[in-house]
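*Asks:* next comes the sequence, and after it the predicted model I'd like to discuss.
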Protein chains: 6
Amino acid sequence: MVDLVTLGEAMLRLSPPTGERLETARELDCQVGGAESNVAATAARLGLDTVWLSKLPDSALGRRVVSELRRHGAKPRVCWSEDGRQGTYYLEAGGAPRGSSVVYDRENAAVQTATPNELDTDAIEDAELFLTTGITPALSTTLFETTRSLLSTDTRTAFDLNYRGKLWSEAEARDAYEELLPAVDLLFAPERDVRSVLGYDGDPTALTARLREEYGCETVVLTRGEKGAFADTGDQTVEQSTIAAETVDAVGTGDAFVGGYLSQALRGESVERSLSYGAATAALKRTIAGDIAVVSEAEVERVLDDEYDGIDR
Amino acid sequence: MVDLVTLGEAMLRLSPPTGERLETARELDCQVGGAESNVAATAARLGLDTVWLSKLPDSALGRRVVSELRRHGAKPRVCWSEDGRQGTYYLEAGGAPRGSSVVYDRENAAVQTATPNELDTDAIEDAELFLTTGITPALSTTLFETTRSLLSTDTRTAFDLNYRGKLWSEAEARDAYEELLPAVDLLFAPERDVRSVLGYDGDPTALTARLREEYGCETVVLTRGEKGAFADTGDQTVEQSTIAAETVDAVGTGDAFVGGYLSQALRGESVERSLSYGAATAALKRTIAGDIAVVSEAEVERVLDDEYDGIDR
Amino acid sequence: MVDLVTLGEAMLRLSPPTGERLETARELDCQVGGAESNVAATAARLGLDTVWLSKLPDSALGRRVVSELRRHGAKPRVCWSEDGRQGTYYLEAGGAPRGSSVVYDRENAAVQTATPNELDTDAIEDAELFLTTGITPALSTTLFETTRSLLSTDTRTAFDLNYRGKLWSEAEARDAYEELLPAVDLLFAPERDVRSVLGYDGDPTALTARLREEYGCETVVLTRGEKGAFADTGDQTVEQSTIAAETVDAVGTGDAFVGGYLSQALRGESVERSLSYGAATAALKRTIAGDIAVVSEAEVERVLDDEYDGIDR
Amino acid sequence: MVDLVTLGEAMLRLSPPTGERLETARELDCQVGGAESNVAATAARLGLDTVWLSKLPDSALGRRVVSELRRHGAKPRVCWSEDGRQGTYYLEAGGAPRGSSVVYDRENAAVQTATPNELDTDAIEDAELFLTTGITPALSTTLFETTRSLLSTDTRTAFDLNYRGKLWSEAEARDAYEELLPAVDLLFAPERDVRSVLGYDGDPTALTARLREEYGCETVVLTRGEKGAFADTGDQTVEQSTIAAETVDAVGTGDAFVGGYLSQALRGESVERSLSYGAATAALKRTIAGDIAVVSEAEVERVLDDEYDGIDR
Amino acid sequence: MVDLVTLGEAMLRLSPPTGERLETARELDCQVGGAESNVAATAARLGLDTVWLSKLPDSALGRRVVSELRRHGAKPRVCWSEDGRQGTYYLEAGGAPRGSSVVYDRENAAVQTATPNELDTDAIEDAELFLTTGITPALSTTLFETTRSLLSTDTRTAFDLNYRGKLWSEAEARDAYEELLPAVDLLFAPERDVRSVLGYDGDPTALTARLREEYGCETVVLTRGEKGAFADTGDQTVEQSTIAAETVDAVGTGDAFVGGYLSQALRGESVERSLSYGAATAALKRTIAGDIAVVSEAEVERVLDDEYDGIDR
Amino acid sequence: MVDLVTLGEAMLRLSPPTGERLETARELDCQVGGAESNVAATAARLGLDTVWLSKLPDSALGRRVVSELRRHGAKPRVCWSEDGRQGTYYLEAGGAPRGSSVVYDRENAAVQTATPNELDTDAIEDAELFLTTGITPALSTTLFETTRSLLSTDTRTAFDLNYRGKLWSEAEARDAYEELLPAVDLLFAPERDVRSVLGYDGDPTALTARLREEYGCETVVLTRGEKGAFADTGDQTVEQSTIAAETVDAVGTGDAFVGGYLSQALRGESVERSLSYGAATAALKRTIAGDIAVVSEAEVERVLDDEYDGIDR
């Protein structure tokens, strides 16, 4: 029995060096990223037995994705496909007033045709928690159906709204969320998405209360960007502030938070502990290049113990 | 009035360093390549006024392609598209017994929907020669139609068979060639493709004679790999041997040959001169990383004068 | 008829990585920079038909300069020379209290002997605007004469004072400016140079009024570093503040401003629009490594629309 | 039940770029290598369920080793230690007349204190084959004892003599081999070591016959460098020639051979098939930078099918 | 007669790029660092005739250390050893809340067995000043004895407490300091070490007075991190504030301070001048990658003249 | 008293990566090279006490040259100049049929104005041997005079003809050689230069005999490219064949030969030993990137002992 199973797309991530443009750079750094695979890698690094489900092209590019996840201790269970591409995204880091820019190149990715019977559903049934995010159902109609189907097993489920404006409209996303959320036990909800996509308003307490009520989620964790996070379990609400970080690469911060949170919650730790662990993992992620929080449990603990001291020798 | 117009796809080319695998390399070298854009860049470098026609996504990736061709003096006239991808290919250099391997990732490239009225057909009408290759009609039905249409203007035409087994079957290619070749004046025909796709046999003289007869091509240049080239103009046949080269990167050798050949033929030079210029350009290309023959006229002349001397100081 | 012709030197720019010293670094990044070529590249990227005039050594180094400008869409018209060097400069990025340091190595550059009859003066006569800066006449007596001669065609002229203490004394510069400015229609005047070289004082209004009066310039754009810019057309004065930027590389900021300003002014846009476009282009430049503002019109518009949002996905 | 368990040291491998010296290079490429971990990674890539046993320092360096092996699909089961170093070796690639040079820096590596009860001996008992090499007992007295102890479980055993002159004298090695070999079922014996360390002479048949007789090994595979390999099972002897390769990096060739051989032998394939698979894997390894044969089963099959064709497109 | 002799270990320093982790980075930057060799290199660069004494393995790694120090003008006089390792340390740069992390790998370094008769004690006797730091006696019992012995020649001595918690406990360090300090003339004392290791308290005046009294040091320079420095010569006390710097690499800041201070003090400059020179050298160091302050006297002077101006051209 | 003093120019050497062109490469490798500085560095590495005399600009570029020579143990004694440039050369490695190409950029280098009274002539008078090459007098009239003057001290002299067609005509070189050679004791004469510049013919014996007779040289070492070397001391003639090498970088091979030869000859070793040591050093140089033979005495000995064995572990 594994602790956590996640389902989603992982893409190659190609980036020019800092200050260089995609138009002119000769060397691109190649990493692997995707919301659900980021969560899987982080959770595995922080001690959970974690499986990642997906469908990949049977090529060196697909093997690269599997290789990268394995390195962090996550266990990819992948349907290898003769058809479909390896999704890719180009990330150009910016700085004010030029934002970081993403060129998605994920059209016709193999994963978009993944059906439940191609995926290792036994893994889900044997898991303590099954997680996916709003990116997966946004990728294709097939994946929307697959997501709906897999959220309805007997296993406990988690979902992160993760709205992406480049994938679907707010209206499309809202309709999908409404269909999917009733099957979700633990909801990670970016406050921005709750307000703009779901059209809720009010303070965090109001937002989480309405989410719990409307969809029957057991726990809602509102992620609030620089304002931190706010969890509502029905029995209690807990606030968590953001831990300041010198940011090298902000991509994947939210996934690191979820991975850190789950690494504690799935071991039965308290919501307070889970939130603070998530916040520390997210802060560490920002200091590290790439989508994945390449951290150890000891490093997270040091952040929680506030032991930052410039250099340790 | 320009000298040469070419039409085709140009892709990003992503390669790990020598000896590294796509599965594990962190840095990928990013260049631009495509048969017809390689010919355009080479011809422009060697003094021809050259236009390249294509359709590209309106993104940093599409701009990169244009930027690269401009750098070599070719003039891109591009239809910018909101739809369709930037074609990409991953090139992993090998060595015996592991061949170099190519992972094409050109599905749904913007160019595949290019119709004649999206392209600058005036440029073709004003040109001395219009060239495309067998790769273009292989990419999509639309491009097959566009190719057929553009080969039928009053402008003189050139075509390189360029059979690619990853794009279509030999039977499909044969059917297409049969429809397109009657409109071709100058044919570059890889001997391998003539034998395997068209099913011809016999010695070079027999092959070129049959090609000229069957399709009415004015001149046929048989490209024979390590055996060199063989041209048949009806009036004369000319043989050209390959010029030995220390190979750094063999991709684009054939395109360099065509670019070198045309740089002379379009200025009214003899077939002998054109062939030897093509052979010298091709040999230089092999010493240079990337798809494009980044050479100067002076360098080609030095090869023809056999002035190689290790180092010039 | 082209929009803009600029005249000047372009140098190779060699830089060690951030934090490394010229004395010890093994790898140097090689780019191309020069005030007037920077303006040409930026203006071409922002939609103007732009020609750059210069004289370069007929070598791989000279070809590199041409190749780089072409890539951005500017059209180099160059006198190729057997004599004279390719100017070079070594840029070592610093940080307080160690300033960035520049080692110029431009002695005997080919451009220093450029005479009007070696340059494509027809291009100037056909252009809407001809621009050079105070660097060009400072490079050699010949270039001073060439500058004077080319400023006196019937074409509208622009000039940026661009005082460089490593090239000439303030007294020499002042004498030269006094001879050249009467032929200038649009003057870009760094406030620092106006005060220290020309010895003016007073507030911006006083400075520009005196410049317009003394030299008969139609429009004066005072560039004020962190204080922004101030334009005086006689009919109106317009203030523009600086747009804050996370600086990766400050070199070329002023040239980006000029290129951005001209991209609008030469299309008949208002002074307000031209100034704000210049400021946005300058801010973007600071986020990009190299002398040239590798930006698109869409990116400048986004800055003007204040759409910075960290990351767009 | 796993297919293969190996035991040994894995070191960080630090190398300057080709043509650079350790004395002056600024950048070192960092990989992971070790005879038994190389075999484990190769065997895992070629389809075996493989465990690698070792003892590592509980540091980022130790985690790097685990991360690298996991990436290839091998399963590290490691005793984490507070004491002892991470072994390291510096590899400077040479070319005639300057050989490649290795500076070992493996003194006091954590693995040198590994005792059987710190290692996962259950894994060995559950495995089809347990393998180690002559490097492991050469590293410390403790490891000699551990090796002896672990070779004596009921599991079938394999051993590669792998004599290293920098670790022990020929006399020391001979004594150790004499103690260990009686427990070995499948022996990989470099012909060079058999002659110089064991002092045998005669042709391959004589050498393997004597090894089988003296130590009771079931199968002996003599590895003969450029002369190929020779296997003797008692029932039959099989010769295998070396497959020619363009060598990028020769380190790890022997381990790739063993990994390839075992990937077939452990699935019940014939000795002929196992030998040829080993030879193909070894040839591929030589074209790849690093200690590990980063290859796929499909690539090995292509070598066996002699499908090398320069480039596949 | 030389100006300065220092004694200590110099290590290879291996670092991943900014934002990368030791666990995953492929390229490591290789430099050389060590407290006493850093002081020697800095002092030599700033005009002192400086000798560095140590013991190194007779290998490419040892030669690299010598090569690096020579480059800066320091004169290594080294005992070459067949035994013992080249000390190494892995430096992973961090940012809040993840501190920079150091993995020391200096166990059994050749220097740990260095005895006075292996070192060039004549150099010390001929020098104006002999310096070592608290790191050297912490490395081994032999080095503690060597340090004690060499501090007791007739040459004037300097010592920097340089407590390192990874090398010994506070109690061990205190005992050692108590034995060594009576032989020290010029003491550099990090305020943090004075408080935590020696257990002193009070304001800077109290700390230095007690140090002078207890151990008879002629001059005590208290180094106070961000609070600057404070010197007490008995005749006078002088305060020096820290000079703000944009930090690229903080390692070696203290050594740069000492090198800068000595470059003046040993030429008979005042304590004020020496302190401010030290502070300026330390600030420059922070802008430079690597352990060593790769600066020139002119650059230090420019900092003292407060001539920072962004860029000089 | 030093063993060897050399006089000449050292340039920065800037090279794109293998297979890349100067026109397009983004990164240039920066090293230091110059015939006489190469000899000095090699000789110092091989145990001679060696001084290098030159004149350099007082800039980071000049300091880089000094830093590089020091690193190898040579002692630069340099006249620092406010005027004049740092000479530079661009080296683009080629392969047949494209030769390696050199773009010299050494015009107005500071060294060109070096007069005897700016140089440390005492060093020459105290030395066992003073060496320069035909490059130095070719650089400027002043340097020709300086060379003539410094060759006429009482110190023994060595000279390498080193004809460079990019610096002067054969006729100019011949006239200069005729003036300088009478002061030369030990002449290194490339056979190619002897034939083409001096117009000699005949076999090696005839060439060296005539050189000894005409100019009174004590010893003549004819360097014959792939044919090896031939020395004539009057008493004896000795032949030396070339030692085969896998060439990474051929630049500096001749200087390595001279440095290796002198390292023995100046210690009183035989001509045979000196020639073979030179040949071994030259062969090693070819396996190493850069102008300088970064080798140790032990490595040269291993070549002489013919111990090449692929890899030593």
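*Replies:* That came through, no problem.

*Asks:* quick check: mean pLDDT of stretch A:117-131?
*Replies:* The pLDDT scores in stretch A:117-131 average 97.

*Asks:* please save the CA atoms from it in PDB.
*Replies:* Coordinates of each C-alpha in stretch A:117-131 appear next as PDB, following Å, rounded to 0.1, in the frame of the first residue of the first chain:
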ATOM      1  CA  ASN A 117      -7.900   1.300 -18.200                       C
ATOM      2  CA  GLU A 118      -4.500   2.400 -19.500                       C
ATOM      3  CA  LEU A 119      -3.600   3.600 -16.000                       C
ATOM      4  CA  ASP A 120      -2.700   1.600 -13.000                       C
ATOM      5  CA  THR A 121      -5.900   2.000 -11.100                       C
ATOM      6  CA  ASP A 122      -4.900  -0.700  -8.700                       C
ATOM      7  CA  ALA A 123      -2.300   1.700  -7.400                       C
ATOM      8  CA  ILE A 124      -5.000   4.200  -6.600                       C
ATOM      9  CA  GLU A 125      -7.200   1.700  -4.900                       C
ATOM     10  CA  ASP A 126      -4.200   0.600  -2.700                       C
ATOM     11  CA  ALA A 127      -3.200   4.200  -1.800                       C
ATOM     12  CA  GLU A 128      -4.000   6.300   1.200                       C
ATOM     13  CA  LEU A 129      -4.600   9.400  -1.000                       C
ATOM     14  CA  PHE A 130      -5.100  10.100  -4.700                       C
ATOM     15  CA  LEU A 131      -4.300  13.600  -6.000                       C
END
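
*Asks:* flag every buried residue along it.
*Replies:* A:118, A:119, A:120, A:121, A:123, A:124, A:127, A:128, A:129, A:130, A:131 (16 or more other C-beta atoms under 10 Å in any protein chain shown). The C-beta positions use only the backbone N, C-alpha and C, and glycine is treated the same way.

*Asks:* with stretch A:292-312 instead?
*Replies:* A:292, A:293, A:294, A:295, A:296, A:299, A:300, A:302, A:303, A:304, A:308.

*Asks:* from what I can see the second one touches residue A:45, true?
*Replies:* What that stands for is residue A:293. Yes. Using C-beta atoms under 8 Å, residue A:293 is in contact with residue A:45, at 7.0 Å.

*Asks:* just checking, residue A:252 touches residue A:31?
*Replies:* No. The criterion here is C-beta under 8 Å, and residue A:252 misses it with residue A:31 at 9.9 Å.

*Asks:* the two: who's more crowded?
*Replies:* Counted by other C-beta atoms under 10 Å in any protein chain shown, residue A:252 and residue A:31 do not tie: residue A:252 has more neighbours, with 26 against 21.

*Asks:* so what's that one up against?
*Replies:* A:33, A:38, A:285, A:290, A:291, A:292, A:293 (C-beta atoms under 8 Å, 6 or more residues apart in numbering or on different chains).

*Asks:* now with 7 Å, please.
*Replies:* The contact partners of residue A:252, by C-beta atoms under 7 Å, 6 or more residues apart in numbering or on different chains, come to A:33, A:38, A:285, A:291, A:292, A:293.

*Asks:* and residue A:107, by the same measure?
*Replies:* B:85, B:108.

*Asks:* let's see it at 8 Å
*Replies:* Each residue near residue A:107 by C-beta under 8 Å, 6+ apart is listed here: A:85, B:85, B:107, B:108.

*Asks:* same thing with residue A:164?
*Replies:* Here residue A:164 is in contact with A:134, A:135, A:138, C:313 (C-beta under 8 Å, 6+ apart).

*Asks:* try it again with 10 Å
*Replies:* Residue A:164 sits next to A:35, A:102, A:104, A:133, A:134, A:135, A:138, A:139, A:173, A:193, C:313 when contact means C-beta atoms under 10 Å, 6 or more residues apart in numbering or on different chains.

*Asks:* what do you get for residue A:167?
*Replies:* In this structure, residue A:167 makes contact with A:104, A:106, A:134, A:135, A:137, A:138, A:139, A:173, C:313, judged by C-beta under 10 Å, 6+ apart.

*Asks:* how much space between the second one and residue E:305?
*Replies:* As for residue A:106, its distance to residue E:305 is 56 Å (criterion: C-beta to C-beta, to the nearest Å).

*Asks:* which parts of chain A are helices?
*Replies:* Using DSSP state H, the helices of chain A run over A:35-45, A:60-71, A:121-125, A:135-139, A:141-151, A:170-180, A:191-196, A:204-215, A:253-265, A:271-286, A:297-304.

*Asks:* and whatever residue of the stretch 151-300 of chain A ends up closest to chain E, how many neighbours?
*Replies:* Across the stretch 151-300 of chain A, no residue is closer to chain E than residue A:246, which sits at 3.2 Å (C-beta to the nearest C-beta). Close neighbours of residue A:246, defined as other C-beta under 10 Å, add up to 13.

*Asks:* what of residue A:280?
*Replies:* 27.

*Asks:* with residue A:43 instead?
*Replies:* Look at residue A:43: counted by other C-beta under 10 Å, it has 32 neighbours.

*Asks:* surely it meets residue A:274?
*Replies:* No. Using C-beta atoms under 10 Å, residue A:43 makes no contact with residue A:274, being 12.0 Å away.

*Asks:* kindly report the residues of chain A close to chain C.
*Replies:* By C-beta under 10 Å from any C-beta of the partner chain, the residues of chain A that approach chain C are A:16-25, A:89, A:91-104, A:135, A:164-167, A:225, A:247, A:250-251.

*Asks:* how much space separates the closest residue to the residue of the stretch 151-300 of chain A closest to chain E other than its chain neighbours from residue E:250?
*Replies:* The shortest distance from residue A:246 to any non-neighbouring residue, by C-beta to C-beta, 6 or more residues apart in numbering or on different chains, is to residue E:95 (3.2 Å). Distance, residue E:95 to residue E:250, by C-beta to C-beta: 11 Å.

*Asks:* what sits in contact with each of the two?
*Replies:* In contact with both residue E:95 and residue E:250: residue A:310, using C-beta under 10 Å, 6+ apart.

*Asks:* quick one: which of these two has more around it?
*Replies:* residue E:95 (19 against 15).

*Asks:* any regions of chain A where pLDDT drops low?
*Replies:* Along chain A, the parts satisfying pLDDT under 70 run over A:309, A:312.

*Asks:* quick check, the residue in it closest to chain F?
*Replies:* As assessed by C-beta to the nearest C-beta, chain F sits closest to residue A:26 within chain A, at 4.9 Å.

*Asks:* identify the bridge partners of the residue in the stretch 51-200 of chain A that chain C sits nearest to.
*Replies:* When scored by C-beta to the nearest C-beta, the stretch 51-200 of chain A has residue A:95 as its residue closest to chain C, at 3.2 Å. Counting by DSSP bridges, residue A:95 is bridged to residue A:98.
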